[in-house]
Structure formats: structure tokens, C-alpha cells
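> how would this look folded up:
(chains A and B, ligands or ions: 2)
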Number of protein chains: 2
Amino acid sequence: MGFSSFASRAAARFLEDIRRPAGVSTAALLLTAASGGGIVAYADSSRAEEASEPPPRKKKVVVLGTGWAGTSFLKNLDSSRYEVKVISPRNYFAFTPLLPSVTCGTVEARSIVEPIRRMFDKKRKDVAYYEAECFKIDPSKKAVHCRSAVGTNLDGNGDFMVDYDYLVVALGATVNTFNTPGVMEHCHFLKEVEDAQKIRKSVIDCFERASLPNLSEEEKRKILHFVIIGGGPTGVEFAAELHDFLVEDLVKLYPAIEEFVKITIIQSGEHILNTFDQRIAVFAESKFQRDGIELSTGFRVIKVSDDSITVKCKSSGVETLVPYGMAIWSAGIGTRPVITEFMNQVGQGKRRALATNEWLRVRECDSVYAIGDCSSISQRKIMEDISTVFKVADKDNSGTLTLKEINDILEDICIRYPQVELYMKSMHMLDISDLIKGGVGDANKESMVVDIEEFKKALCHVDSQVKTVPATAQVAAQQGYYLADCFNKMDHCVEHPEGPLRLTGSGEGHHNFRPFRYKHLGQFAPLGGEQAAAELPGDWVSMGHSTQWLWYSVYASKQVSWRTRVLVVSDWTRRFIFGRDSSRI
Amino acid sequence: MGFSSFASRAAARFLEDIRRPAGVSTAALLLTAASGGGIVAYADSSRAEEASEPPPRKKKVVVLGTGWAGTSFLKNLDSSRYEVKVISPRNYFAFTPLLPSVTCGTVEARSIVEPIRRMFDKKRKDVAYYEAECFKIDPSKKAVHCRSAVGTNLDGNGDFMVDYDYLVVALGATVNTFNTPGVMEHCHFLKEVEDAQKIRKSVIDCFERASLPNLSEEEKRKILHFVIIGGGPTGVEFAAELHDFLVEDLVKLYPAIEEFVKITIIQSGEHILNTFDQRIAVFAESKFQRDGIELSTGFRVIKVSDDSITVKCKSSGVETLVPYGMAIWSAGIGTRPVITEFMNQVGQGKRRALATNEWLRVRECDSVYAIGDCSSISQRKIMEDISTVFKVADKDNSGTLTLKEINDILEDICIRYPQVELYMKSMHMLDISDLIKGGVGDANKESMVVDIEEFKKALCHVDSQVKTVPATAQVAAQQGYYLADCFNKMDHCVEHPEGPLRLTGSGEGHHNFRPFRYKHLGQFAPLGGEQAAAELPGDWVSMGHSTQWLWYSVYASKQVSWRTRVLVVSDWTRRFIFGRDSSRI
Ligand SMILES: Cc1cc2nc3c(=O)[nH]c(=O)nc-3n(C[C@H](O)[C@H](O)[C@H](O)COP(=O)(O)OP(=O)(O)OC[C@H]3O[C@@H](n4cnc5c(N)ncnc54)[C@H](O)[C@@H]3O)c2cc1C
Ligand SMILES: Cc1cc2nc3c(=O)[nH]c(=O)nc-3n(C[C@H](O)[C@H](O)[C@H](O)COP(=O)(O)OP(=O)(O)OC[C@H]3O[C@@H](n4cnc5c(N)ncnc54)[C@H](O)[C@@H]3O)c2cc1C
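Ligands and ions are numbered 1, 2, ... in the order given. The predicted model follows:
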């Protein structure tokens, strides 16, 4: 059995009953178009249709947040089964991947948002939405405390409490300044639609300020120095947008100050786009160099004042003052205060994000689920359960496992502990016997038997392959979809569990659901000048003008509604014809 | 000679050499389309083409403001003749007639603005623009003091001074609360693009707030009570927009609270739209009644607190408290502080707006011109100059005027004192002799002679017809166009004056230019539900659905650029297809 056949066997049950579900989240499929139709590993929700007594009271599901994770959950939840309440300070969903385009007016803010209520209305979902902020989660009372986002103008102070049977926390992340002094006060961020609007205004402000009379060249240079701190995808995309805005639109309107403009990216690592394939990073760096965008790699920002940034060279330790006109901080994400407080309550005080199990339930906290950027899955290590795994596999209680016994349980192991598969792949092993051999030495394949010690020895390095999922829209959307699917078939799965064998602790029966499994569908990096780079599934990399067109078509197809799709495409068209607007509004 | 022939004769020189000027401001022609091509009474600027020595130094023209008046001036000014500087805190022009549509998202804010620099760029004008506020005009030093609108981030405080040879003040007006307590703090206004954006957010806020849990019906009713103070065109149009937004979009998304919504217009006069034809006011009132928009006419607002408005019935004097969720104040315009200060300096302390002469020059202030909402023309009364007029007319120095002598000077009189023509029209007089008859009794037409006393008696009521021009975009645009035209032919007209005979004081020779004459091209009142009313030239009135289509076509054609035209039309189309967006951004 070669590796590929092994892989397909392991995935067999996964894919067994997949058909493209009618209501599959466009978000979950982000980039599927690019990958030529990657198959998404979700179980079919139509199973949950079997008749059941109408329950006396619908269980209350409260969803916090209307970002990628929250809306993906809501769109796919069968809301007739639950009493659903949604709480979020923004009454819309924002298509964040296009936020960098909003900063320079390539697309308009309104073109990338969709009101939550309209989403429900179109799908005829009976869901209550409250425009409010949750400021405290109280798992002991099963309630969340909320505050109207706009002040209620009422006699009371506008606070209210909502209780739940199940809570879905999808609060996203906030910015992280790593406590660098001055960043909060002087830098722009790019997390929300308002941020993008502010940045747009600020860019124009810099150009207008530099056009005022009586300024020295040095002052103009300072005002027109745009500094981007953080060379991740967001920072890079913003730099590219800004450069396009400059050369395509602003130089015409501000010819007198063109020569003073400079864009700098400060990146602490050695390369920008370091979560991307190396080839893409190199391509991006050389394109930026041609464009005159300065890359200061290997520098760390240690302080920001109102007119200069202090950077420290990581190799030499030398500090330098960089005068600037506008700075954007896009270096990492942090935890929202309400999440921090909740983590303290449930004994996760020292973490960056809410830890969940592989089924997205918050650890040590019944009935609370967390999805998206505010959460991170802590994958169970196989070595913690190794004795149980051995016991369950050893059907004849012989104290040793034959290859057949291992193969029989292999699928459950691979579902429960994806690191096993990843490890074998990383070691170019073709077969489980190759892995086991590591425990017993060169045994004959057919007659190979292993005892517990040999079994442990064979698997001892596997857990090094435990991967955390990245904080991206793709992950958030897939988690939302997955969780809604579990909720939809909750009753059914109690009686007909779908999950792998329980291999933990006393280990009996099956888990109700399969664990969440992230399917990476690739990623894009638009680089400006109608060029983009893309990492596609299967280690494919694509760069240049045609990739930009791929980007246009994928992003157009992935819009949440026809309305936003039309708007985004007409924004692009408008930009081609008329350029970007430079009004300061 | 019948009245119509009189009128045409009086207008003859006006129209003499008119051809539709190629670069005529679209703004000046606002509504021309509606009037079937009304002719605009401007002299042709091509005359100023004659060769002249290149002057050693170009005169400096400083323009304050980039609204209707300022941009109309700038677009039509031959900027090669002057060194032009423009100062305004907004680097764009806003098409104010569509502002009410922005409040509810029927069109987007960006679709009605055009960057000033783009206007210059397109017309290849060499004009300097500074994004700054003028905070002091110093006519003695011939300079204006300015402050950067955004803070310069420089070592200095960002103030600077600009000197001028000619100053064009086009600063517009501000809101006027008539010192009603609480209005500034609690009401919305609708003057700027930002105001419209804020209103849009606030409307959504009210709906979201009223959807929160635990509210009594009374509280919901209060939050969803939208009060518009002032029943002028802006207030009425906003009410119509809001009503459309409600019934076409919001009821679908907020079905649970639909019944609590109420819109009220508070108007101190007996009718709304009192600057319009009575038929239009009646039509609007009955439409609003059918729509359920409450009209509280005859009430004056005397106080606004954070949750209620105190109104006083003008007839009974009874005061009532009106609970509200959101209030818009659109009752009158006021003077900007910088104008008030300037008026104090030039001895116009007690006025509401800068007084100019009929050539738009600020009274008692050389080289300073004022156009648009910040100014008002003080028309010279004929009775002040009656002796000079008599003397100039009495060519043979006989001490009496014959009908022929009067007719010879009639055109100059009508140009200089438009009230004469208006008076005759108002009295249904067919001929100048009818007017003179008032002085001499039933004299025989042919042999009629009048002495100075009879002449005075005949004209003594004429000045009652002096009209102030309204504070509208039409006026502002026509003034800007007129003034630019005068600037373009300034050199030429010194030698070849175009204006009427000087009839003031010692009265010698001709004025360099004809005085500004406002040509009213009609006005629209969109009433919602795809209905509008229009007052067209020649006492025509048009109401209903077809008028709305007329409105669409006129407003589309009057956009300042192809870009905004395309955007506005596509906004309308988008609204028809997808409705208005209710995201709170
Ligand atoms: C500029 C930018 C570009 C990006 N580009 C990409 C990309 O190209 N591809 C990609 O895969 N990912 C991209 N991402 C990342 C992606 O946006 C996030 O990973 C994703 O938004 C996470 O989804 P989420 O639902 O967890 O959080 P969010 O989408 O951030 O949603 C959080 C929600 O919680 C609400 N909320 C916040 N506080 C409270 C509170 N106290 N109470 C109630 N509700 C609250 C918020 O209003 C929001 O609705 C980008 C992100 C940014 C900022
Ligand atoms: C909601 C609304 C709807 C309207 N609808 C119509 C309509 O349908 N038809 C019609 O004819 N009229 C309409 N009007 C009236 C019309 O907008 C005004 O009459 C017109 O704008 C006056 O032009 P302006 O140039 O004098 O002033 P504005 O257009 O107000 O321009 C003033 C300019 O001065 C600038 N400025 C302000 N302060 C300073 C400072 N300190 N220093 C430098 N610059 C400064 C401003 O930024 C602005 O650029 C409407 C007005 C509003 C508010």
C-alpha cells in the first residue's frame, strides 16, 4: 500500500458521503475556485432530517460576533431548531480580505459589507439580532452581559443580560501593539471598516498638508513618508495599494510634491510575507524594490512618537530615528478584553486565545464553543493516550498488536490525531508499517507484532507535527460551518455517533462528531500594478498579471451577496475608468 | 407698445450678443434642461480675447471656499490671466442638492463630490489649492490668515498668511439655531457631506436601539420618533427620503418595530415649502398626510433636551413636550464667524450677510468680492438717484422729460434698477407711459411731458419691488460665473465699458460691466415614492411621477463630472435593484 493509497484510505470515511452541500458557505470555499474545486471535508447535514418529537422548548443559542466565524455559523445553522440570538456591535458582516483596497478607494467601504439582518431576511431565518457589545461572559449563570453599542438614550444605562443554553464565541481578535510605546496613540491599524476609512482620509491629509505653503523640503519629505510596520499579508497589500494610488492617481493631482513621497515597510524578520512560500516572498521583494518601496527587514520598532519612529537593528542593536507622516501598524493580533477575562474565569489565564478541544468546545467549559480568531484548537497529543489507543487496538487482548490490528484502528487514529498522517507525510513514509518499523527494527512486514513499548517508541515523534491553524478568514468560516453542522445534527448524533472511536481515558464507544479538520485552500498576495502572487493547493505557486485576474475572479465570486458582488465589480470598473477618488471624506 | 414688447425691448441689449457660451457652468444652468433651455443672461466672454501686453506681474486672486459659488468662479475664470490661490477646508466640491439623498443611502456620499484638484487638472488650470480654513480677512493689509484644516504636524502651529490683489469670498453659510437652547447639542444638521453621513448612521442606530431587548412600547415609540424641524425644501426632502427608506427597506429588516415608527415635521409657518408655489405646498401636504408623515404647522421649537423637544403653539401659546429619538434642524442659515468678524471690520456689523453692490463687490471695500450664501446684493434704490436719472434723461435741459427722452434711457434704467421692470409687471402695466401716467394724471400719450416732481411721483413705489436673491446653489453658481466673466474681461472693459449709464451721484459715462442679474430657472421638491413637484419658469407647475423622472434626468445632467454622473446614476440603479444599505458605517 503506497502512501497515496494510504492517504486516500484514511480520508475515505471523511469523503464517504460528501456531496457539495447546497448551502455551503461561500466563505468556507474561499479559494476553491482557485484550486479548481477542492473538496471540502464536511459531513452532509441532510442526515439530520429524520423525524423527532418537537421539543417542549427550543434550546437557546447565543452567538457573539458577526465576523467570518459568526456569520458562517449563522448562515449554516438550521435556525428552526434553536432560539437564536446574535450579539455584535456591528450590524454588518465585513469582507476583510478587501479591506486593504478600501484604504485607497479601490473599492468602497460599503461594497464589502452586508447587513446581518439582510442575510437573515434573505434566508428567512428567524434570528434576533442585538447591536451591542458583550462585556462579560458568565458561564456559571449561563448568561452574557451586554451593553448597547450606541447608548440607548433610555432611563436605564442600556446594559442587559442574555442567557443561553449554548454559547458560540466568535469575537475575533484585536490589534496587538506588544506594548510598544506610542503605537496606540500615533499609528493607524487595519482591522475594521472604520480603520480603512480613517486611513484613506489620512493619506489624503498627508498630501494636502505637504501642499501647504512655507514648508521646507525636509518637512515635505517627512509628511509624505508612509511607514508600514509589519510585512505580513495585510501590510504588504496596503503598501501595494498605496503605491498604486500614488502612481495612478495622486501624482497627477499633486505633481509638485511627487518627488518627496516614500513608502517604507519595516519588518522584524528577514523577509516579508514569511507565511507564504519563499518564491512568493522573493517575487514580492523584487517587485517592491523596482517600485521604490523601501524594505527595512531585520528592524524592530521600539517606540513611536508623533513625528518619528525609533527602530532598532536586530543584528547590530543600533537605534535609529525615522521621521514619518503616517504610520500603519499591522504586526500581529491580540486578545479582546472580554476574552481575557473569560479565560481567567475558566482557568486559561496565560493564553493568547481561548483553547478549545478538537470539536471547538472551550476546554473545561460546558456548552461554550469558540470559533475564529479568538480561539485556538489545542490538539490532543497521541502520547497522552497511547495506553488507551494500544488497549483499544489490541482486540484479542494479546498484549501485542499485529499489523492487521493496527490497520483496523488506523482510520480512527488518523481522524483523532491528524499529526500521525502529517508526520508520515513529512518523513516520506509510504505505509503505517514504515512507521511501526521505527519501534521494532527491521521486522518482516507480514508477521510484524509490536508490544506497548515498541508502539510508544514508534509514535514518540509524531506529536511534533501538531499544527495550530492560522488566524484567517478561511479557518473562521470553516469552523463556523463545521459547528453549525454539528448543531444541526446534534440530536441525531447522540444516537448515531459519527465520530472516531474514543481513545481517551477509559475510551468507550464513538465520539458524536468527527473533530474539526481545517482544509487549506491556498492564499493570495496582491502586489499592486495589476500583479498578484498566489499559493494554491498542492504546492503550486502562481505570480504575475494573470494571477491578478485570478484574484479578481475569485474575490468577486466569494462575495457574500449578489449586491456586494455587483458593487465590488463596479468599483473595480470605476477605478479603471475614472481612477480613485481623492476627496477627503 | 404692449408689455411683452416692452419686456423684450428692455431685455434686448441683454440678449443682444448672447450665444450659449461653450464653457458655461453646468451649475449656472441648473434646471435649464427643465425649463426647455432658458437663456442665461451673460455677456460673451470671448470678447476679452484682444491682444494686450503681457503684464509684468500677474495680479493675485485669492478665492475662499470651494462650494457652488467658488467652484463656479474657478471653473470659468481664465486662470492664465491671474495667479490664483484657493483656500478651503474641503478639498472637494459637493453637489448639495443630492445631500438629502445621501442621508438614507439613495446615493452615496462619494458620488456627489468631486476633488477640486481634479477639476483643475481636467481643465489644465494652473491654480494653487490649500486645504485650510481662513480665520481672518485683513482688507487693510490685503491678506487672509489661514490655518491648516488638519494640523500640520510641524514645529510651527500651521498658520499662514496669503496676500491678494483681488479677494473672492465664497464661504457659504452655516446653520442658524436662532439661539434655541439645546439645538446645537442634540440636533443633527444637514449642511455638509459629513452631516449626511452622520444622519445615515443615526437613523440606523435608532432602529437598532429600538430592537434591543427589555424596552417598553413607549420607549420604542420615543426612539423611533424622527422629528424634522423646518418645513423648507431640505427638511421636506429629508422627510421624504426617510419615509422611502422606511417603507422600502427598513420594514423588511425590522418587522417587529415597524408599528412604532413616526416622522414629524415641525414648521412654524402655516404651510411647508412656503418658498414654493401654493399648489406645490398643498400637493406635498396631502401626499405626506397619506404617507402618515405628521405635519405640525404653526408650532415653534423653543427648547431641545436629550429626549424631548419643547414646542409652542403659535396661536394658543401652549407649550408641549414631544419625546423624540432623532431630530434634524433645518430651519434657516446663519453667518460664519469669519464673515461676522469681517463685517464688523468693514462697518457692516449688524447684517446677516456681506452686503455687495450689484457688481458683487463688497460695499466700502475695494478689491473684495463676495458671492454665494455668504453675501447679499443690496440693490440701489432708484429714488436715491432720481435727480441724476432725471438730469441724464433730460438731454435738452428743458426741465421736463418727453416720452421719447424717457424711452431713450429706459434700457439703462431697467438694467441698473431691475425693480422698475418688476414693478410694472406686478401692476400689469403694458408700457412705460402707463407708469408715468401715475405722475401726471391722464395726459395724452404722445404729448406727455413730466417734470421732476411728477417723475418722482410716478416712480415712488417702484423700489418696493427690490428683491433679494435667495440663498441657493443656482444663485451662487450664476454669481460665480458672472464674476469670473467680469474678471476675464476686466482689462478690456476699462476701455470698452459694457455696463449701463452711470446714474448715481455725478453720473458720467458707463459702468464697466452690466450688473449681476439672477435668472431663476425653477426648482424641484422631491416628495418620495417616486413623486416630485417642480416649479418651472413661466409659472408652470408640474407634479407627480413624471416630474420625478424629470428630476432624475435634470440632476443627472447637472453633475459636475462624468465620473459623478455615472456614480449617481449607478447609485439610483443599485437602489432600484438591491434597495438601500442598512449597515451602520
Ligand atoms: C485587513 C485584513 C485583511 C485580511 N485578509 C485576509 C485574507 O485575505 N484571507 C483570509 O483568510 N483572512 C484574512 N484576514 C483575516 C480575517 O479577517 C480574520 O481571520 C477573520 O476575520 C476572523 O474571523 P472572526 O469571525 O474570528 O473575527 P472577526 O471577523 O474579526 O469578527 C469578530 C466579530 O466580533 C464582534 N465583536 C467584537 N467585540 C465584540 C463584543 N465585545 N461583543 C460582541 N461582539 C463583538 C465584531 O464586531 C465582529 O463582528 C484579514 C484580516 C484583516 C484585518
Ligand atoms: C441639504 C441641502 C440641499 C440643498 N438643495 C439645493 C437645491 O436643490 N437647489 C439649490 O439651488 N440649492 C440648494 N441648496 C443650497 C445650496 O447648497 C447653497 O445655496 C450653496 O451651497 C451656496 O453656495 P456657496 O458657494 O455660497 O456656499 P457653499 O456651497 O456652502 O460653500 C462654502 C465653501 O466655503 C468653505 N469654507 C467654509 N468655511 C471656510 C473658511 N473658514 N475658510 C475657507 N473656506 C471655508 C466650505 O468648505 C465650502 O467649500 C441646498 C443646501 C443644502 C444644505
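> contacting residues for A:Lys60?
By CB atoms under 8 Å, 6 or more residues apart in numbering or on different chains, the contact list for A:Lys60 reads A:Tyr82, A:Glu83, A:Val84, A:Lys85, A:Asp163, A:Tyr164, A:Asp165, A:Tyr166. (Each C-beta comes from the backbone N, C-alpha and C, glycine too.)
> ok, of these, which come out buried?
Among those, those classed as buried by neighbour count (16 or more other CB atoms under 10 Å in any protein chain shown) are A:Tyr82, A:Glu83, A:Val84, A:Lys85, A:Tyr164, A:Tyr166.
> I figured the last one was touching A:Val61, is that so?
Spelled out, that is A:Tyr166. Yes - look at A:Tyr166 against A:Val61 with CB atoms under 8 Å: they come within range, at 4.9 Å.
> Find residues that contact each of those two.
Residues touching both A:Tyr166 and A:Val61 (CB under 8 Å, 6+ apart): A:Tyr82, A:Phe487.
> returning to that earlier point: for ligand 1, state which of the buried ones among the contacts of A:Lys60 is nearest.
Checking the buried ones among the contacts of A:Lys60 against ligand 1 with CB to the nearest ligand atom, the nearest one is A:Lys85 at 11.6 Å.
> Give me the nearest residue to A:Pro418, chain neighbours excluded.
A:Arg517 (6.5 Å; CB to CB, 6 or more residues apart in numbering or on different chains).
> And that neighbour, how close does it get to ligand 2?
Here A:Arg517 is placed at a distance of 56 Å from ligand 2 (CB to the nearest ligand atom, to the nearest Å).
> That residue: what secondary structure?
coil (DSSP: H, G, I helix; E, B strand; the rest coil).
> Contact partners for the closest residue to A:Val475 other than its chain neighbours?
Closest residue to A:Val475 apart from its sequence neighbours, by CB to CB, 6+ apart: A:Val469 at 4.8 Å. Neighbour list for A:Val469: A:Ser376, A:Ile377, A:Val475, A:Tyr518 [criterion: CB under 8 Å, 6+ apart].
> Tell me if I am right that the first one is in a strand.
Yes - applying three-state DSSP, one finds A:Ser376 inside a strand.
> Now do the same contact list for it.
A:Arg351, A:Arg352, A:Ala353, A:Leu354, A:Ala355, A:Thr356, A:Thr468, A:Val469.
> Quick one: neighbours of the residue nearest to A:Gly480 when sequence neighbours are not counted, just the number.
Excluding the flanking residues, the one nearest A:Gly480 by CB to CB, 6+ apart is A:Ser72, at 2.8 Å. A:Ser72 is flanked by 29 other residues according to other CB atoms under 10 Å in any protein chain shown.
> circling back to that earlier point, so which of the contacts of A:Ser376 wins on neighbours?
Sorting the contacts of A:Ser376 by how many neighbours each has (other CB under 10 Å) puts A:Leu354 first, at 28 neighbours.
> Confirm for me that that residue is in contact with A:Glu341.
No - using CB under 8 Å, A:Leu354 is not in contact with A:Glu341; the gap is 11.4 Å.
> per-residue confidence at the nearest residue to A:Gln379 once chain neighbours are set aside?
Excluding the flanking residues, the one nearest A:Gln379 by CB to CB, 6+ apart is A:Val466, at 4.7 Å. pLDDT, the model's per-residue confidence, is 89 for A:Val466.
> what sits against A:Asp412?
A:Pro500, A:Leu501, A:Leu503.
> quick one: contacts for the last one?
Applying CB under 8 Å, 6+ apart, we find A:Leu503 in contact with A:Asp385, A:Thr388, A:Val389, A:Val392, A:Asp412, A:Ile413, A:Arg416.
> Give me the three-state assignment for it.
Counting by three-state DSSP, the backbone at A:Leu503 sits in coil.
> Please report the distance of it from A:Asp385.
To A:Asp385, A:Leu503 is 5 Å away according to CB to CB, to the nearest Å.
> go on, A:Gly480?
28 Å.
> cool, and A:Met427?
Here A:Met427 is placed at a distance of 21 Å from A:Asp385 (CB to CB).
> of the two, who's got more company?
More neighbours surround A:Asp385 than the other of A:Met427 and A:Asp385, with 20 against 14 (other CB under 10 Å).
> give me every residue that touches the residue nearest the centre of chain A.
The centre of chain A sits closest to A:Thr472, judged by CA atoms, centre = their mean, with a distance of 1.6 Å. Residues near A:Thr472 by CB under 8 Å, 6+ apart: A:Gln523.
> And A:Thr180, by the same measure?
The contact partners of A:Thr180, taken as CB under 8 Å, 6+ apart, are A:Val301, A:Ile302, A:Lys303, A:Val304.
> now with 10 Å?
By CB atoms under 10 Å, 6 or more residues apart in numbering or on different chains, A:Thr180 lies in contact with A:Cys187, A:Ile229, A:Arg300, A:Val301, A:Ile302, A:Lys303, A:Val304, A:Ile309, A:Thr310, A:Trp329, A:Ala331.
> care to break chain A down by domain?
With domains defined by automatic domain parsing, chain A comprises A:3-173+A:335-379+A:470-495, A:183-330, A:382-465.
> Reformat the contacts of A:Ser376 into a markdown table and put distance to B:Val566 and secondary structure next to each item.
As requested, the contacts of A:Ser376 are exported to a markdown table (distance: CB to CB, whole Å; DSSP: H, G, I helix; E, B strand; the rest coil):
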| residue | distance to B:Val566 | secondary structure |
| --- | --- | --- |
| A:Arg351 | 51 | coil |
| A:Arg352 | 47 | coil |
| A:Ala353 | 45 | coil |
| A:Leu354 | 47 | strand |
| A:Ala355 | 52 | strand |
| A:Thr356 | 49 | strand |
| A:Thr468 | 47 | coil |
| A:Val469 | 43 | coil |
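> returning to what we had before: residues shared between the contacts of A:Leu503 and A:Asp385?
Residues touching both A:Leu503 and A:Asp385 (CB under 10 Å, 6+ apart) are A:Lys391, A:Val392, A:Ile413, A:Arg416, A:Tyr417.
> so which pair among the residues you listed is furthest apart in space?
A:Lys391 and A:Tyr417 (15.7 Å; CB to CB).
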